[in-house]
Structures are given as structure tokens and as C-alpha cells.
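just to be clear, the model below is a prediction. Sequence and coordinates:
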There are 2 protein chains.
Amino acid sequence: MFFKVVNVSEFYDLFQNFSPIETSTEVDSAKSLNRVVSEDIVAQEDFPPFDRACMDGFAVLSQDSYGASESNPVYLKVVGDVQIDKIPDFSIKSGECAKIVTGAPMPGGANAVVMVEYTEEVAPDEIEVSKSVSPFENVILTGEDFKKNDILVTKGVRIRPQEIGIFMEFGVIKCRVFDFIKVGIISTGNEIVSPDTKKLLPGQIRDVNSYVISSIVKINHAEPVFFGIIPDDRDALISAISKAVSNCHLVLISGGSSIGVKDLTEQAITSFKNSEILCHGVAISPGKPTLLASIDKTPVVGLPGQVTSAQIVMQILVAPLIRFLSNDKNYLSENYFPKTRARLTHNIPSKKGREDYVRVKLIEKKGELLAQPIFSKSGIIKSLIQANGLVRVPYISEGIVEDSVVDVFLL
Amino acid sequence: MFFKVVNVSEFYDLFQNFSPIETSTEVDSAKSLNRVVSEDIVAQEDFPPFDRACMDGFAVLSQDSYGASESNPVYLKVVGDVQIDKIPDFSIKSGECAKIVTGAPMPGGANAVVMVEYTEEVAPDEIEVSKSVSPFENVILTGEDFKKNDILVTKGVRIRPQEIGIFMEFGVIKCRVFDFIKVGIISTGNEIVSPDTKKLLPGQIRDVNSYVISSIVKINHAEPVFFGIIPDDRDALISAISKAVSNCHLVLISGGSSIGVKDLTEQAITSFKNSEILCHGVAISPGKPTLLASIDKTPVVGLPGQVTSAQIVMQILVAPLIRFLSNDKNYLSENYFPKTRARLTHNIPSKKGREDYVRVKLIEKKGELLAQPIFSKSGIIKSLIQANGLVRVPYISEGIVEDSVVDVFLL
């Protein structure tokens, strides 16, 4: 009934038919959160720029501390107090030490820091040390963290708070990032009207898919572009696709991809000269009627019309494609498929040979997390908002029995 | 050594000393992603507004199909073809059926839909039905999904793509949401200079924490407000805190909260008339020196100065507080603590009586996900960007042995 049906990992393999975006822009690093770095960013200096204490305590010559214990402490003369913001103008010799705080530069001669917890002041300028330290213990040496010319962040990495931190540490206040990809959204269906329609005529339904889809596009850091609600008319659809393909990096068509009474999407796509249907049908449920095509090397996805199916297809299949096209080299990273573990409250039946995604509601009961499957008719939109998770039933499984502890994908 | 040490769940309990934001704004629903709804949103009409097919096939009287099977099919006369955007102007009687597509309004008389897969056209106006359907099978009745006056989305829910979908379905094109909370950020330390400082003087370090912290604030949908880099001076710190407290819903002070050589944060806070230290010390590692106080009912958090510790405190302790203050009723939801499962490559040692968070790097090897602990000196910032996960070692544990399969919090 469907042609060119692929499984989920084969769908991901089809991404290689397309090229990720190559254009980039310079932005303020402070505002670069979630952007994808478009070139390796290199350290212009050693870090730390000087030997630093990484604990509060006393800078010492490690050999002075050897053998020190609570019952047999070592006594050292305190010859200075290191200010955090100045390189100390004194050195220490054997038998001496200097008070130091975390982050402060090490005084000359010292090669380790005894933590304050293992010291006691026994006189104004003398301490007792009750623990030995190895050379360089509690010290970060110049360049130990990063050396000049080390790569700080590689091309294709999406910027997290921690990458922004590294940029700032090295004074990288501007960075180049790939541009946002534009994702064209076409909604089809004679029955679909704009959400601002006050009173529906008989048979009309407001457009939901465009907004759910565009929100998922935004969450994946791409720019949605609307191409309107198109009636079930071949020429109108062709014209909308043509506009979208020439202006966008990816085109999503909602509705019309199910092999039902009116399958116009495939006809419209194949009417383009440089078009190819890469798959029509993905072995997942819901979401089977998903279509992936190429028009002039631009990917075009036909999404199922049911919003509940469309949402799952967006999360599982299209979001990775958006990240791939955005030049995010970790587009399939575990970090994009956040999960939790929960105990199933009911059996989930399934069929072998497809991947099922079942909506669940997570409930905490007596300190345990339970996943309650939401079984409802296809097309019941309440299940959209009741659910905060999805349980995947793998290809080879005929279902999952209640009380099993399962991974729940967070919605 | 620390006073008022609390564990993580006691820290969360302390949130009750504060009041979430109450001011709200009306926004376009299409742009309301990630905002928190400030009032219950109610259905103004039934949904669906008419009895709808939820499968492609034939609308029938269910009793006509009883007993139908492949070996013993039932024959029905096709009397019409339902258009998706019009209420059908005909009814069907026993022995009759009408072609129908998903989403289309049911014709009068019909009470179920036989999926197209279980039918065959045997003549231009006759089909064979090989499966029986129950009353209302593959049909969504008027108001079955939502009835007029049902609550669509309750106050305190953070808006996801699916909530936007529901709003659109009901023509709710505007909605009221709580305002963003303002989070004041104060960075302290004589050694700290602005990231745009080209050449560091001896002992200087560029400000990293303000930017890591503000990025995590943004991820949690709040507005960071910078109050500058304040030297280690009691009066300067008091003046900055005073400004921040009167302009923000939460104040974060980075540096100065460890009981080291210069603990000014606590002194500065307690110098305020209406101040209270709620805890100083949380039983987690890293992050123990964290401080939570109240000044004029505004929460003030003292963060550890080490950026690696500050990041973990932000994720585990402060992010939930930001969500609480933003009036997100699910501020501790599992959905905010995304995880995956991986096998540990090395032992993780720990001490009983504190919760340890150990940075790990996730690696896929032969189809299995491995978590490789990153052990490095305190203060090594490279570990920040190498890690994409955290493994928690619970209070009661002395560590986790290698080869254990563990939850990894995604960073």
C-alpha cells in the first residue's frame, strides 16, 4: 500500500542526500546560545595564564609536607599572604609557606597547596600541617587547562552555556555561527481555516498543524516561514511548493500525505523537474504516511494530517533533519532525545515490524514514577496535552507488559 | 564548618519562603511558546464541532457490518462521497454506506467508519466489507474531545507546541501569561575583569560565571540583568545587592560564598535589615558552599566561585527556583531533568551523606552508550565542555562501580 517504506534509521541515512547550510554570521558570543559554531575556535593564550591555587589553604614546597599526619604534624613559617589579583612579589623557601585563596597565583618556590582543613595556626606566623601533598597538588599549572592554539570549540558544535563560558575565559567576545535555516510550512486542506476565524462554517476546522509544527521548528533553532493554507488543488499546491522550495532550506507540507482519498502531495512533488521521492512511508506508528522527497536538492517532507501523528513525526524524524541541515554535527546526539525511566501502569500492545510511539502521562506515586499510557482514538487532540512522554515499542517487539520499567521520551 | 547545611530536597522546600510572580501580560498565542499560562483557558465551543470520521474508509451503520469477515463479507451500496469541508446533505440507511476521509463530517444515519483496508470495491456503487465495526468505531462524536467550558490549559502550565495547537483549535489567538522574572547577576572578585579585556594584567581572570549563569537563566525563560563585577569590598557589594534586590525577583551572587579567606557575601546580606540566611551549605558536591537568603522577601543565592561548581548549582538548585518564581506549577517536573541511561566505564568513588554530581562524557561504542567519568582537578574548565552528562551518586552511596548502568542527566 505504501511504496519505499523505510525504518527510522534508514530515514536518518537519507539526510545524506542533502547539504547542510554553509553561510555564517558573526555574533556576540554573549548572545550565541544554541547557535552552531561555523569554524574551529582556537585559544589565543595559555589558560590559566599563571600557576593558580585551586583550593583555599597554604602554598608550600610539597617535599616539606612529606610524612605529615595528625599525630606527626609538620610546622611551617607563614611568610606571606597572596592577594588574588596580584602576582606575589615574594618567593618561599623550604620550611616556609604562604596563605593563599582559590584562584590566586602561586608564589615562586611553592609547588603545591595544603588545604586549609589540614592546617592549624599555632602562632601568628606559624602553621601546623597534618597532611602531606604531592607536587602540583591543588595547583593548576600555566596552560594545564588549555595551551595556546588548542581548539576550544570545534566547528559544528551547538553552543551551550559552558561554551559561552569558555569563550569569555579567552576573551572571544565575537564568534562565527551558521545562519538559521528557514523552514517553509504549507498547510493543506479545503476544510482548514485560519485560527482567527471566529465562527466556523459547517465542516471547517481551524489550522492547528502549522502552529504545532512551527513551534517545534523554533525549539530546534530554525526559522519557520508560513506559506499559507492551500486548498486541495494540485496547481495551488505546486505553486506554494515552488515558492517555498526557492526560499527555504526545508519544506514541510502538513496534510495530504496519507494514501487516502486525496493524495495530492506526492503528485504535486513529482510534477517538478528535479524531484525525487526518497521514501513514502516510515515504519513508525503513528506517522507511517510520512514522505521525504527532494526538489532541486531541497528536502520536502509530507507530514501526516493528524496533529497527534504530525507531532511525533516532527520530534522523531524531522527535528534531526532540521539539526542536520543546520550543520549541527551532533544532530542525533542522545542529548536531543531526553528521557526518564518509569514503570508502566498498563500493557502496551504492538505489532512486530514497526516502531510504536505511545503517549503516556507521568505520575509520581509513593516516590515512584509511573507511566500511564493514553489510549485514545486517532485524532483525539486532548491526548496531545495530557501526555508528557512517549514510550517506544521497538520493531521486534509485540508489546510491553505492565509493570515493566521503560524509557520514556520527554515531550 | 558550614552552618545551616540542607540537602537538595530541603533546599527545594525553602522555596516556600518566597512568592511566585503575579503580574501577567496578554500575548499572541502563536508566540507564547515556553510562557506560563496565568489563568485557566476554557473551551468556548465543543470540539469536534461535528461528528467526524477519524479514519479513511466508508461511513456505515455499525449493525450492518456485524459478522463480516474475509470469508463471509457483507455487501453495501455506496450512496455518496463525503466532502471534507461540507456537512453532507444526505443520510444513509441500512444496507448503504458513503465514502469518507479522515476528518470529514459523518453523514446522517451512519454511526461508524469501516477502514478502507477492510473494504473492496466490487462494483462502481458497491463495496465488500470484511470486518465488523462497533458503534462509534473510527468516529469522534461532537464534543467528545472537549466540551464547551472544559478547561483546555490550566493556570501555571508552561506552554509547549501542543498547548499552542490546542489554543489554535479553539480560536484562542491571544492568551495571558505570567511576566518573565528578572534575575539579577552580581559577579564578585578583585581579580575578575570584563571578557573584552584584551591583555590580562598579572593575576587577572576574565569573567566567565556571569555569562554561564545568565545563559542558564535564559534557558529557564527568565531575564538576566547584570549588576557588574564588584570588587571584594563590603560596601560595594552591599550597594550592588541593594540595587539588585529592588529591581529583580531573584539575585544571584557569584563568588565569595565559600568559607575561605574572604567571605563577604554572607556579611553583606546580613547587614540588610529584613534579611535572613535560610541555608548556608547544601549537601551536594560540587556546590557545597551555596547560600540561600531572603532580603525583603526577595531570594538571594550565593553561588560557588568555581564555574564548574556554579554550573551544577545552577542546574540542580537554582533552575527549579527560577521556575518556581516564574509560577510554573510543575517546577520540579521530570521533564526538567532529562536523562539517558549509560554504562559506566570507571568506578566513581563518593562519600556517604552528600549527593555527588560527576561529569561524564557519553560515547557510543558498538551500539551501546557508555558514560566516561571526567576526573579533573577542581577548577579545570576544560571538563565543562568535555562533559555532556552528569551522574548522581545518592546520599547513601559510597560510590558506583564500573559497568553499572546508570541514569545520566543531560547537560
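Received it, and whenever you're ready, just let me know what you need.

which secondary structure element contains A:A240?
For A:A240, the element it lies in under DSSP states H and E is helix A:234-247.

ok now that helix, how far from the chain's centre?
The gap between where helix A:234-247 is centred and where its chain is centred comes out at 32 Å by C-alpha atoms, centre = their mean, to the nearest Å.

CA atoms only: put that helix into PDB for me.
As requested, C-alpha coordinates have been extracted for helix A:234-247 and formatted as PDB (Å, rounded to 0.1, in the frame of the first residue of the first chain):
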ATOM      1  CA  ARG A 234      -2.900  20.400  -7.500                       C
ATOM      2  CA  ASP A 235      -1.900  23.700  -9.100                       C
ATOM      3  CA  ALA A 236      -2.300  25.700  -6.000                       C
ATOM      4  CA  LEU A 237      -0.100  23.200  -4.100                       C
ATOM      5  CA  ILE A 238       2.500  23.200  -6.900                       C
ATOM      6  CA  SER A 239       2.700  27.000  -6.800                       C
ATOM      7  CA  ALA A 240       3.100  27.000  -3.000                       C
ATOM      8  CA  ILE A 241       5.800  24.300  -3.100                       C
ATOM      9  CA  SER A 242       7.600  26.200  -5.800                       C
ATOM     10  CA  LYS A 243       7.700  29.400  -3.700                       C
ATOM     11  CA  ALA A 244       8.700  27.500  -0.600                       C
ATOM     12  CA  VAL A 245      11.500  25.500  -2.200                       C
ATOM     13  CA  SER A 246      13.100  28.500  -3.700                       C
ATOM     14  CA  ASN A 247      13.100  30.400  -0.400                       C
END
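
buried set for that helix?
Within helix A:234-247, the residues that qualify as buried are A:237-238, A:240-245, counting by 16 or more other C-beta atoms under 10 Å in any protein chain shown. C-beta: built from backbone N, CA, C; applies to glycine.

how close does A:D51 sit to B:V129?
In this view, A:D51 and B:V129 are 84 Å apart by C-beta to C-beta, to the nearest Å.

quick check: end-to-end length of stretch A:176-194?
39 Å (C-alpha to C-alpha, to the nearest Å).

what mean pLDDT does that stretch get?
Stretch A:176-194 comes out with an average pLDDT of 95.

tell me the gap between it and the middle of its chain.
For stretch A:176-194, the separation from the chain centroid amounts to 21 Å (computed by C-alpha atoms, centre = their mean).

for stretch A:142-154, same thing?
With C-alpha atoms, centre = their mean as the basis, the distance from the averaged C-alpha position of stretch A:142-154 to the chain average is 24 Å.

packing partners for whichever helix or strand A:T308 is part of?
Counting by DSSP H and E, the element that carries A:T308 is helix A:307-313. Applying 3 or more C-beta pairs under 8 Å, 6 or more residues apart in numbering or on different chains; DSSP states H and E, one finds that helix A:307-313 makes contact with helix A:209-219, strand A:298-303, helix A:382-386, helix B:161-169.

now those in a markdown table, with mean pLDDT?
Formatted as a markdown table, the helices and strands packed on helix A:307-313 follow (pLDDT from 0 to 100):
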| stretch | mean pLDDT |
| --- | --- |
| helix A:209-219 | 97 |
| strand A:298-303 | 96 |
| helix A:382-386 | 89 |
| helix B:161-169 | 96 |
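
retrieve the pLDDT associated with A:G367.
At A:G367 the predicted local confidence, pLDDT, stands at 85.

phi, psi of it?
A:G367 has phi and psi values of phi 80, psi 0 when expressed as degrees, to the nearest 10.

for stretch A:32-52, which positions count as buried?
Neighbour counts over stretch A:32-52 (16+ other C-beta under 10 Å) mark A:32-38, A:41, A:43, A:45-52 as buried.

could you pick out which of those residues are near chain B?
Of the entries in these, the ones placed beside chain B under the rule of C-beta under 8 Å from any C-beta of the partner chain are A:33, A:47-50, A:52.

quick check: bridge partners of the closest residue to A:E364 other than its chain neighbours?
Closest residue to A:E364 in three dimensions, ignoring its sequence neighbours and counting by C-beta to C-beta, 6 or more residues apart in numbering or on different chains: A:L370, at 7.4 Å. Following DSSP bridges, A:L370 is listed with bridge partners A:R343, A:I363.

residues contacting the residue of chain A positioned farthest from its centre?
The centre of chain A is farthest from one residue, A:A123, which by C-alpha atoms, centre = their mean lies 54.8 Å away. Under the criterion of C-beta atoms under 8 Å, 6 or more residues apart in numbering or on different chains, A:A123 has no neighbours.

how close does it get to A:N72?
Applying C-beta to C-beta to A:A123 and A:N72 gives a distance of 19 Å.

ok so, going back, pLDDT score for the residue farthest from the centre of chain A?
Looking at A:A123, its pLDDT reads 93.

skipping adjacent residues, who's closest to the residue in chain A that chain B sits nearest to in space?
Taking C-beta to the nearest C-beta as the measure, the point where chain A comes nearest chain B is A:P338, at 2.7 Å. Among residues not flanking A:P338 along the chain, B:P338 sits closest, at 2.7 Å (C-beta to C-beta, 6+ apart).

can you report how many residues neighbour that neighbour?
B:P338 has 19 neighbouring residues, counting by other C-beta atoms under 10 Å in any protein chain shown.

can you pull the contacts of it?
B:P338 is in contact with A:338-340, A:410, B:409-410, counting by C-beta under 8 Å, 6+ apart.

again, but for A:I396
A:I396 sits in contact with A:K352, where contact means C-beta under 8 Å, 6+ apart.

I'd like the distance between it and A:N7.
Computed with C-beta to C-beta, the distance linking A:I396 and A:N7 is 11 Å.

please apply the same query to A:D207.
According to C-beta to C-beta, A:D207 and A:N7 sit 31 Å apart.

who has more neighbours, those two?
When A:D207 is set against A:N7 and neighbours are counted by other C-beta under 10 Å, the residue ahead is A:D207, at 25 against 16.

next secondary structure after the helix holding A:A240?
Next in sequence after helix A:234-247, counting helices and strands by DSSP H and E, comes strand A:250-254.

quick one: that next one to helix A:209-219, angle?
Regarding strand A:250-254 and helix A:209-219, their directions subtend 150 degrees when assessed with axes from the mean of the first three to the mean of the last three C-alpha atoms, to 10 degrees.

buried ones in the helix or strand just after strand A:250-254, by neighbour count?
Stepping forward along the backbone from strand A:250-254, the first helix or strand reached (DSSP H and E) is helix A:264-270. The neighbour-count check on helix A:264-270 (16+ other C-beta under 10 Å) flags A:264-266, A:268-269 as buried.
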